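A.B. asks: Below is the structure, and that's it, no one-letter string:
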């Protein structure tokens, strides 16, 4: 089945990157070979939107990652159709642990993609964090492409599979946060939530032509950005 192939390839990529972090001095010697292997892995797991829905809608992929890593902290699988982003989502009892631990709990500066500890997977607003880097390829480095509206036009969907549901989100805002970090807020009155969604929409670098209502449930992706240094790239989608 496609999902087993995706899982094995994804795990291979994580292990490969773990070698880079564990032995940084060896990277220059094996850099070219590693890049070739990463490219081959990425090319092998790019699925269309239709294939993604067929492949992960039964929730088996979440269980497979959980068993492969022997880790009950796996709460879902994040995927962006037509890209090589297929990654398990972890959750701890804080927002620190998976900043520097891989899904198998090995300590690594690469960290993992993880759900905010304050969230449940079915909350009306959930936040996922992941590392970006200027020197090592990380899962969320791909999000930098969304600064280009042409890229967005061909990759406007995000899928989040949990044990029981496949949630589909359409991206409505892409922006760079430099000092106002309202996107991490989770506690709102109904009126404040409506204002918050409108604010997220207003921050977008370009008009996605996707509207939001006070009743929309949303997914926020956050990663580091380097222009300017110290900023964050925020990608926000609404559940459809």
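C.D. replies: Looks like it came in fine. Being a predicted model, the structure only gives us computed values, none of them experimental. Numbers count the residues shown, from 1 in each chain.
A.B. asks: what sits up against stretch 187-204?
C.D. replies: Contacts of stretch 187-204 with the rest of the structure, by Cβ atoms under 8 Å, 6 or more residues apart in numbering, involve 124-125, 172-175, 177, 182-183, 185, 211-214, 216, 218, 220, 234, 236. C-beta here means a position set from N, CA and C on the backbone, and glycine is covered the same way.
A.B. asks: now do stretch 120-127
C.D. replies: For stretch 120-127, contacts defined as Cβ under 8 Å, 6+ apart pick out 75-76, 115-116, 119, 160, 162, 165, 183-184, 186, 193, 217-220, 222.
A.B. asks: do the same with stretch 220-230
C.D. replies: 125-134, 140-141, 143-144, 158, 176, 178, 183-184, 200, 231-236.
A.B. asks: Counting only strands, which of the residues you listed make the cut?
C.D. replies: Among these, DSSP state E puts 125-129, 158, 176, 231-236 in strands.
A.B. asks: Now neighbour count and pLDDT too, for the residues you listed, in TSV please.
C.D. replies: Below are the ones in strands among the contacts of stretch 220-230 laid out as TSV (neighbours: other Cβ atoms under 10 Å; pLDDT from 0 to 100):
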residue	neighbour count	pLDDT
125	22	98
126	24	98
127	23	98
128	24	98
129	22	98
158	22	98
176	14	98
231	15	98
232	17	98
233	23	98
234	25	98
235	23	98
236	27	98
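A.B. asks: now, among these, which is nearest to residue 81?
C.D. replies: Of all the ones in strands among the contacts of stretch 220-230, residue 81 sits closest to residue 158, with 8.5 Å by Cβ to Cβ.
A.B. asks: ok, now which ones touch that closest one?
C.D. replies: By Cβ under 8 Å, 6+ apart, the contact list for residue 158 reads 78, 79, 80, 168, 169, 170, 171, 219, 221, 235, 237.
A.B. asks: This completes my enquiry, with thanks.
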